[in-house]
Structure formats: C-alpha cells, structure tokens
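> here is a sequence with its predicted model. Questions after.
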Amino acid sequence: MRYIVSTYLPRSYLHLREAYEKIKDSEEDISNKKLDKSLTFTIKNIYKSYEGCFSLSPTGLYTINLEVADKEQRYPVIKAMEDALEKFIKKWHNVIQTQIEEGVLPLFFSVLVFSFKKNLELNKNTIIEYSKERYFPRAIESYKTYQFLKILQKFNSYYMELMEKYYHKADGIIKKLKGNFELTELKKTVFEMDFVEKNTGEIISRIEDIKDSTHREKEKISSLTKKVFLNQNLKDLFQEVETDLQYIQRLWNQQDTMLDNLDNASQARLSYQETLESRKVQGFLSIEAASVIATLILGLFISGFTGINAWYLLGGFALAWIIIYNVMTRFKTKS
C-alpha cells in the first residue's frame, strides 16, 4: 500500500541549503542525499524496516513517500511519517518552530492513501484522502501539488478563524480602555494588545510568503507538463486558494491598521493614567511634608519642656520623612 504524507511551511531555496547542511553524513537512517531543484534523500526504518523517500521543495512542501505491506495498520504508519516530518522541521528551522508553537504558523498534514478501503479518520490537523486509482510514480509532482493546495485551504480557514479571534480580543481591549481602572491593570491591557499587534505583523508577512509559494508552485507544475496543469481539479483549487488568500490578506491588513490606531489610543490613555497616578503620589508627599514640618515645630516646642535636644528631634523627623518619601517614590515607579 502506498502512502504520501506532506506538510507545508513558507520556504525558499536558501532553506533547502540550510537543511542540506544540517544533515550529517554520519546519520545512519539517511542516504542518497541530493540537493538540486529540491532536497531529496532516502530514509531507512521510517516505520519498522520500511524505507521511504523524502523531498523538500523550494515552495515549502515537505513530503515522505512510503510503500508498505497491505497487512500493516494504517494509523501507526501515518503517525510515524508525520512524526518524521515534524522531527526534521524542529531540527532544521529553529525560528519557524517558535512561530508554530506561538500559533503564527499552523502545521497541517495531507495524507494520500492509494487504497480502495476508507476506514481511518485522524485528528483535525490531518487531511486524509483515499485514491482508488493506481499509483503512478511519474505523477508524483501532481500528487504533491494537490496536497500543497489542500493544505493551503486549511491555512486559509485557520487564518480566518484566528483573525476573528484577534478582532474580538482587540474589541475587548477597546472596551477596557473606556473604563476606569488602576495603572497596573492598564499596563496589562496594553501588553495584551502588543502581543496581538506583534503576531498580526508576523502573520501578514507569512500570508505574503504563502502567496509567493502559490505563484511559484503554479509555475512549476505548469512547466512540468501542460497535461497535468490542465487538470480541471488543480485549476479550480488554484483559483480557490488564490482568491481566498487575497481576501484574507485584505482582512489582516485592515486589522493591522485598526491595531495601529488602537496602539496610539492606548499609549495616550496610559500616559494620562500615569499623570493621574503621579499627581496622587505628589499630593500624598505634599501632605506628608506638611505633616513633618508641623511635627518638627511641635517637637521644638516639646523639647523646651522635656529637655530633649532639639537637634536629635530634628534629625529623627528628617529621617522619618526621607523613609516615607522613598517608599512612596518606589510605589509610584512600580505602578
């Protein structure tokens, strides 16, 4: 039974070289390493003793092609192939792994199983499809392009849902800014907005990368064979993905503009709140200063009756005032 498992991340030719250089010749499970238009190699023992073929295209499609005996359970085979792809990504690309963990980039898998039987469902991050057609090695690029487009459909849905989530979060921040609350709470709110703004900027950049990948994938498959490219299914998928990408990009750009305006408003509110808090502290310090002066005068008066040296009283009250002043100043800074 033939399995083709793929995942996608926005990549370019330099990432092929990066991955190629990080593959050590001493790795026992990897052989026939080759860097040409794509990065390819053979993986031993990917599942039990079976040997599979790996490829990384310059458009960012990571693929493992594996044939196993029909008796093998499907879920363990697919899970082993997905785990192998994830392992390579973590090993080769540290920055993009961080973006995956932060939700800026999702990691979806497409699985093609060449079998008549359809009896397996996987998690929501995996698209599994069964082909009743016979597997043709010469059509591998069209299979991979199909997987590329199916994964991008998931990307578009993911970014649509994430944009709605960020929009509601930004709307909640706007409502908070209209209310009355302490400076510490306001700073937390501004920090939340900074996180949304940072991720929004990164996502907009990634959407642009995905558009570029789609364009290059379209050029690649059309140059390989006109017959493959004219396949109506692929043509329709390209049109759908490109249209959705354009729409989602406009939405995220609008979100980015709204966040810029919100950032200006939040900074103005933060500055205003800090001024109010500063005045409260200054007022308190003024009262304390007046209290200390009054106490000093009273102390001088008392010293005339008790015989206590007025200078000792003066020093003690001055020290007390300094301590109070420092405490309140630190309180203001922390706020």
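That came in fine, so what should we check first? This one's a predicted model, so the numbers in the text were calculated from it and none came from an experiment.
> helices of this structure, start to end?
For the chain, the helices defined by DSSP state H occupy 13-22, 74-92, 94-102, 140-178, 183-224, 226-229, 232-306, 310-334.
> pick out the shakiest of those, pLDDT-wise.
Lowest mean pLDDT within these: helix 226-229, at a mean of 51.
> just want the most central residue of the chain.
Centrality entry for the chain: nearest residue to the mean C-alpha point is Val104, 2.3 Å, by C-alpha atoms, centre = their mean.
> and that residue, how close does it get to Lys124?
Distance of Val104 to Lys124, computed by C-beta to C-beta, to the nearest Å: 19 Å. Yep, even glycine has a C-beta here, placed from its N, CA and C like the rest.
> with Glu141 instead?
Glu141 is 27 Å from Lys124, where distance means C-beta to C-beta.
> with neighbour numbers in mind, choose between the two.
Glu141 (17 against 7; other C-beta atoms under 10 Å).
> nearest spatial neighbour of that one, chain-adjacent residues omitted?
Leu224 (5.6 Å; C-beta to C-beta, 6 or more residues apart in numbering).
> so that neighbour touches Ala139, yeah?
No. With contact defined as C-beta atoms under 8 Å, Leu224 does not reach Ala139; the gap is 10.3 Å.
> quick one: list the elements packing against the longest strand along the chain.
When the chain is parsed with DSSP state E, its longest strand is strand 39-47. Applying 3 or more C-beta pairs under 8 Å, 6 or more residues apart in numbering; DSSP states H and E, one finds that strand 39-47 contacts helix 13-22, strand 30-35, strand 50-56, strand 61-67, helix 74-92.
> please identify which of these is closest to Val113.
Distance to Val113, taken as C-beta to C-beta, is lowest for helix 74-92 among these, at 7.0 Å.
> give the buried residues for that closest one.
Arg74, Val77, Ile78, Ala80, Met81, Glu82, Ala84, Leu85, Glu86, Phe88, Ile89, Trp92 (16 or more other C-beta atoms under 10 Å).
> with stretch 196-207 instead?
Val196, Glu197, Asn199, Thr200, Ile203, Ile204, Arg206, Ile207.
> quick one: residues in contact with it.
10, 99, 102-105, 159, 162, 166, 169-170, 173, 245, 248-249, 252-253, 255-256, 259-260, 263 (C-beta atoms under 8 Å, 6 or more residues apart in numbering).
> now with 10 Å, please.
Outside stretch 196-207, the residues within contact range by C-beta atoms under 10 Å, 6 or more residues apart in numbering are 9-10, 96, 99, 102-105, 155-156, 159, 162-163, 165-167, 169-170, 173, 245-246, 248-249, 251-253, 255-256, 258-260, 262-263.
> got a list of what Ser115 touches?
Ser115 is in contact with Met1, Arg2, Tyr3, Asp70, Arg74, Tyr130, Ser131, Lys132, Tyr135, counting by C-beta under 10 Å, 6+ apart.
> if I look at it, how far off is Arg134?
11 Å.
> mind checking pLDDT for Ser49?
Here, the pLDDT recorded for Ser49 equals 93.
> what's the neighbour count on it?
Neighbour number of Ser49 under other C-beta under 10 Å is 8.
> and if you look at Glu133?
Neighbour count for Glu133, taken as other C-beta under 10 Å: 7.
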